[in-house]
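In: Got a predicted structure here, sequence first:
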Amino acid sequence: MESLLIPATELTPAVNFDGASGKLFIEGKSLPEDSRSFYQPILDWVQQYSEGKTEVKINLFLSYFNSSSAKQLIKLLYLFEDLSEKGVTTGVNWIHKKSDTMMQERGEELAMLVSVPFTYEVR
């Protein structure tokens, strides 16, 4: 499957989904004016990529996200939860800076909404 590469901007995170290796990474700030339009290709790609896979995991290293981005991230997590219910091993690696307790807490809050395993990595 082809990779999904979206460069970071001042308002959107970088997306690096490698279709060959299966490494999925979103990094940066997420404040798009239309979060649904920004995240829909990400949701579509994960849906397509996951077909026939036994494991799908994602790395999220966000320095900030607004409420509309939070809604889209929750949709992404629900997709992972659906995959898990179909027998796919899923997981989220939530990455945050050591000094950024707010982002650590945001990850913990998101983790409480779904039954997808979260790991936490400090950089």
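Out: Structure's in. What do you need?
In: List the buried residues in the longest strand belonging to the chain.
Out: The residue-count maximum for a strand in the chain (DSSP state E) belongs to strand 55-65. Using 16 or more other CB atoms under 10 Å as the test for burial, strand 55-65 gives 56-62, 65. The C-beta positions use only the backbone N, C-alpha and C, and glycine is treated the same way.
In: Just say helix, strand or coil for the closest residue to Gln72 other than its chain neighbours.
Out: Spatial nearest neighbour of Gln72, excluding adjacent residues (CB to CB, 6 or more residues apart in numbering): Tyr39 at 3.7 Å. Assigned with DSSP: H, G, I helix; E, B strand; the rest coil, Tyr39 falls in the helix class.
In: Work out for me the element the spatially most distant residue from the centre of the chain sits within.
Out: Note on the chain: the largest C-alpha distance from the chain mean falls to Ser99, namely 21.2 Å (CA atoms, centre = their mean). Following DSSP states H and E, one finds Ser99 outside all helices and strands.
In: which residues sit in contact with Asp82?
Out: By CB atoms under 8 Å, 6 or more residues apart in numbering, the contact set of Asp82 is empty.
In: Am I right that it falls within a strand?
Out: No - going by three-state DSSP, the assignment for Asp82 is helix, not a strand.
In: pLDDT at it, what is it?
Out: At Asp82, the model reports a pLDDT of 97.
In: now the one 5 residues further on
Out: You'll see Gly87 listed with a pLDDT of 96.
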